[in-house]
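>>> could you look at this predicted model? Sequence included:
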Amino acid sequence: MSGVDTNLLKHFNLAAQLGHDGEHWAALSAYRSVIARASEPGGPKSSPAFIATARMRVGLCLKDLALHEEARQEFADMAPLAGALARAARFEYHFAYGTTLGRLRRMEEMYLELLQAMSVAEAMGDYTSRLERCWVKLLSHAEQARDWDFLEQKARLAADIAHKRGMMRLYVYATDMASVARHHRQQLN
């Protein structure tokens with residue numbers, strides 16, 4: 001991240017190493033400290049992309065700590081900064097935000113956020129692997145939430161897209177999930 005104070009970068013990298021080492025509480029504290037220092041009036045030189053990246057990492061730490069509501073709030077609060085992220089990071093932001101919403105069983109919001117991730121993936125020229133990753137997470141969260149109507153509807157859509165794009169793994173998974181949803185819905189009736 002060019003133009004960002006080297007001391008801020010050093011502390012950011014320390015936070016990243018803590019997170020990589022599984023020290024999520026320490027990483028969370030370190031990222032928050034970096035954000036506070038970068039946000040000080042007259043403080044060290046920073047950039048919107050740097051602050052957005054640090055905020056995203058706070059959300060990821062909260063997610064890793066299974067503090068899903070706090071992670072959702074962090075991702076929601078940083079949404080205006082997401083446009084400052086490079087495409088790959090923007091994909092990760094929307095994916096992390098979407099899967100956090102899935103953990104909270106907020107199916108429609110999850111779907112919309114993962115659609116954003118898919119849109120970014122396509123803008124990057126990735127029409128398969130990242131899309132598959134999004135669909136698999138979306139369907140697995142719907143199954144865990146036992147939202148059979150949502151699961152069947154989205155599984156059919158995923159299967160249709162997978163079939164058209166030759167994504168056979170996703171096609172098989174999505175058709176299986178549609179069958180699971182139908183089976184559970186029939187048992188309820």
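Structure's in. What do you need? Numbering: from 1, shown residues only.
>>> residues of the longest helix along the chain that come out buried?
In the chain, taking DSSP state H as the definition, the longest helix is helix 168-188. Across helix 168-188, burial judged by 16 or more other CB atoms under 10 Å covers Leu170, Tyr171, Tyr173, Ala174, Thr175, Met177, Ala178, Val180, Ala181, His184. Backbone N, C-alpha and C define where each C-beta goes, glycine included.
>>> same thing with stretch 42-58?
Going by 16+ other CB under 10 Å, stretch 42-58 has these buried residues: Ser46, Ser47, Ala49, Phe50, Ile51, Ala52, Thr53, Ala54, Arg55, Met56, Arg57, Val58.
>>> and for stretch 77-84?
Those would be Met78, Leu81, Ala82, Ala84, for stretch 77-84 by 16+ other CB under 10 Å.
>>> can you give me the pLDDT of the closest residue in space to Leu101 that isn't next to it in sequence?
Closest residue to Leu101 apart from its sequence neighbours, by CB to CB, 6 or more residues apart in numbering: Met110 at 3.9 Å. If you check Met110, the pLDDT there is 98.
>>> Leu138 is in contact with Met110, correct?
Yes - contact criterion CB atoms under 8 Å: Met110 and Leu138 qualify, at 6.5 Å.
>>> overlap in contacts of these two?
Gly98, Gly102 (CB atoms under 8 Å, 6 or more residues apart in numbering).
>>> those two - which one has more neighbours?
For Met110 versus Leu138, the count of surrounding residues by other CB atoms under 10 Å is larger for Leu138: 29 against 25.
>>> residues in contact with the residue nearest in space to the middle of the chain?
For the chain, the residue nearest the mean C-alpha position is Ala96 (1.4 Å; CA atoms, centre = their mean). When contacts are counted by CB under 8 Å, 6+ apart, Ala96 touches Met56, Gly59, Leu60, Lys63, Ala71, Phe75.
>>> from those residues, pick the one nearest Leu14.
Closest approach to Leu14 among those (CB to CB): Leu60, at 15.9 Å.
>>> follow-up on the earlier one: next secondary structure after the helix or strand hosting the residue nearest to the centre of the chain?
Using DSSP states H and E, Ala96 falls within helix 87-103. For helix 87-103, the following helix or strand on the C-terminal side (DSSP H and E) is helix 107-123.
>>> got the contact list for that next one?
Helix 107-123 is contacted from outside by 87, 90-91, 94-95, 97-99, 101-102, 127, 130-131, 134-135, 137-138, 141-142, 145, 147, 150, 154, using CB under 8 Å, 6+ apart.
>>> list only buried entries from these.
Applying 16+ other CB under 10 Å to the contacts of helix 107-123, the neighbour count classes 90-91, 94-95, 97-99, 101-102, 130-131, 134-135, 137-138, 141-142, 145, 147, 150, 154 as buried.
>>> look up how far Glu113 lies from His94.
Using CB to CB, to the nearest Å, one obtains 5 Å as the distance from His94 to Glu113.
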